[in-house]
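Engineer: 3D model of this:
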Amino acid sequence: MLHTYPVRIYRFYLDGFKRMTLGKTLWKIILIKLLVMFGIFKLFFFPNYLNTNFETDEQRADHVIEQITGSAANNN
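Structural biologist: As a prediction, this is how the structure comes out:
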């Protein structure tokens, strides 16, 4: 009996997505918005600070450790 519930739920959603008309358009809009938010906004509003300001991986790692441990020390 437990095995039938997951199958019924899967079939319910599968049937629902197959019958969608407006929903498919809405899902496309959602995916385009996510692409814009995570792809384009990242390029223009969130530059790669570590690659821009530090030359080596060691310098980057030191900066990150300093920021993490410095923040913890300031909170205590």
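Engineer: give me the longest helix you can find in this protein.
Structural biologist: Secondary structure of the chain read by DSSP state H shows that its longest helix is helix 57-75.
Engineer: centre of the chain to that one, how far?
Structural biologist: 24 Å (Cα atoms, centre = their mean, to the nearest Å).
Engineer: show the average pLDDT along it.
Structural biologist: The average pLDDT for helix 57-75 rounds to 84.
Engineer: before we move on, what about stretch 25-33?
Structural biologist: Rounded mean pLDDT across stretch 25-33 is 90.
Engineer: ok, residues contacting it?
Structural biologist: Met20 (Cβ atoms under 8 Å, 6 or more residues apart in numbering). (Each C-beta comes from the backbone N, C-alpha and C, glycine too.)
Engineer: likewise stretch 10-19?
Structural biologist: Contacts of stretch 10-19 (Cβ under 8 Å, 6+ apart): Gly23.
Engineer: kindly report the domain assignment for the chain.
Structural biologist: For the chain, automatic domain parsing gives the domain ranges 1-45, 47-76.
Engineer: how about the helices of this protein, start to end?
Structural biologist: Under DSSP H, the chain gives helices at 4-18, 22-35, 41-45, 49-53, 57-75.
Engineer: any figure for the gap between the residue nearest the centre of the chain and Asn48?
Structural biologist: Residue closest to the average C-alpha location in the chain (Cα atoms, centre = their mean): Phe38, at 7.4 Å. For Phe38, the distance to Asn48 equals 15 Å [Cβ to Cβ, to the nearest Å].
Engineer: Tyr5: neighbouring residues, count only.
Structural biologist: Neighbours of Tyr5 under the rule other Cβ atoms under 10 Å: 9.
Engineer: equivalent analysis for the one 5 residues further on, please.
Structural biologist: Using other Cβ under 10 Å, Tyr10 has 10 other residues around it.
Engineer: distance check, it against Phe44.
Structural biologist: Taken as Cβ to Cβ, the span from Tyr10 to Phe44 is 41 Å.
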